[in-house]
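Novice: Here is my input; please provide its structure:
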Amino acid sequence: MTVSEGTPDSQLASGFALARAVTREHGRTFYFASHLLPPDKRAAAYAVYALCRISDDTVDRNNSMAVREELAKVRATIHAAYEGAATADDLLLAFQDTIHRYAIPQRCFDELIEGMYMDLSINSYETFDELYQYCYRVAGVVGLIMLKIFGSNDPAAEDRAVELGIAMQLTNILRDIREDYDRGRVYLPREELRRFGVSDDGLRNGIVDDKFKSLMAFQISRARDYYQQSSAGISMIADRRSRLVVCAMKDIYGAILRAIEKNKCDVFSVRAHVTTREKLMLLLGILVKGEWVSRPLDYARGR
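Specialist: Below is the predicted model of the structure:
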């Protein structure tokens, strides 16, 4: 049974409206692409995004014990939603309706919260394998969550969804090096910083020399590899409009990497971004290429 069967429509509508407002304010790229989704999936995506965003904002405030307590409350709230507990919070009602309607596994949100806890106790990673675990928890599982909403009956689609989440998180890390450093966090693997001769002093002072550019070229190449690997999952998504959204998110986030390159890897004095006009042009290119039109074999056979 979904929550909507026992909840006034006005409360659910209010919850989904609140989720939409949160997404519009904080997730501009996703909000832009979300308009391509069918209305029911769009609302569900907003409900999940809003919950994730509120949790993430809790971590970014500081690393005090109070934040740990807040995250524990968020986790308890999520568990209560899965147990079907009654709530007067309209936003949580929308979230509860979504997770049951789309059968989203609770483990995904447990992993997500664990990733947020990592930000409270870990401020750097020695190897990429260690960083990967963090990226999987804060972004890879988001790909799995969204895949449940978009719909697919191909098990291989899960790996591709995780790869896209990893690619997008790596892109965020490269774009936000300055902001993260100011928060006391260095996500670039220490092993790789040493390999390319980039020091903490260089990051602190925003030095963009040949060593830093070589490091960034290596990181950008890795992110692009993940985008490329994830591409195979697009045809595994059942709904055409959902495939279009995935194509849009992949290409728009990929354009951030090109913006970094255009800025000659100076992520310290200018924040790489993609303008609305550029997003529209990318979307037009996606429509023309038609990658999103392809259908999974089982659906093409008459299902």
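
Novice: isn't F95 right up against A81?
Specialist: Yes - between F95 and A81 there is a contact under C-beta atoms under 8 Å: 6.0 Å. Every C-beta, even on glycine, is put in place using the N, C-alpha and C of the backbone.

Novice: Which residue of these two possesses the greater neighbour count?
Specialist: F95 (28 against 23; other C-beta atoms under 10 Å).

Novice: need the contact list for that one.
Specialist: G15, A19, A47, V48, A50, L51, A81 (C-beta atoms under 8 Å, 6 or more residues apart in numbering).

Novice: Remind me which helix or strand the second one belongs to.
Specialist: This points to A19. According to DSSP states H and E, A19 maps onto helix 9-26.

Novice: helices and strands around that helix, which ones?
Specialist: helix 28-34, helix 39-61, helix 90-101 (3 or more C-beta pairs under 8 Å, 6 or more residues apart in numbering; DSSP states H and E).

Novice: Spatially, what comes nearest to R204 if we skip its sequence neighbours?
Specialist: Y181 (6.7 Å; C-beta to C-beta, 6 or more residues apart in numbering).

Novice: again, but for E158
Specialist: E158's closest residue in space is L144 (C-beta to C-beta, 6+ apart), at 6.0 Å.

Novice: Quick check: which element contains that neighbour?
Specialist: Per DSSP H and E: helix 141-150 holds L144.

Novice: what's in contact with that helix?
Specialist: Outside helix 141-150, the residues touching it (C-beta under 8 Å, 6+ apart) are 41, 44-45, 48, 52, 98, 102-105, 108-109, 111-112, 115, 157-158, 161-165, 237-239, 242-243, 245-246.

Novice: circling back: just flag whichever of the helices and strands packed on helix 9-26 has the lowest average confidence.
Specialist: With a mean of 84, helix 39-61 has the lowest mean pLDDT of the helices and strands packed on helix 9-26.

Novice: Show me what it packs onto, helices and strands only.
Specialist: Against helix 39-61 (3+ C-beta pairs under 8 Å, 6+ apart) you get helix 9-26, helix 28-34, helix 65-82, helix 90-101, helix 106-121, helix 141-150.

Novice: wait, which of these is closest to I256?
Specialist: Among these, the nearest to I256 by C-beta to C-beta is helix 28-34 (8.8 Å).

Novice: Pretty sure Y136 sits in a helix.
Specialist: Yes - under DSSP: H, G, I helix; E, B strand; the rest coil, Y136 falls within a helix.

Novice: What is the neighbour count of it?
Specialist: There are 19 residues near Y136, going by other C-beta under 10 Å.

Novice: I173 - nearest residue in space that isn't next to it in sequence?
Specialist: Y187 (4.5 Å).

Novice: looking at it, that neighbour is touching E126, isn't it?
Specialist: No - between Y187 and E126 there is no contact, the gap being 11.8 Å when judged by C-beta under 8 Å.

Novice: higher neighbour count, the two?
Specialist: Y187 (21 against 12).

Novice: Which pLDDT does the model give the more buried one?
Specialist: Y187 is given a pLDDT of 98.

Novice: do the one 3 residues further on as well
Specialist: With respect to pLDDT, R190 has a value of 98.

Novice: Same check on the one 5 residues further on?
Specialist: We have a pLDDT of 98 for R195.
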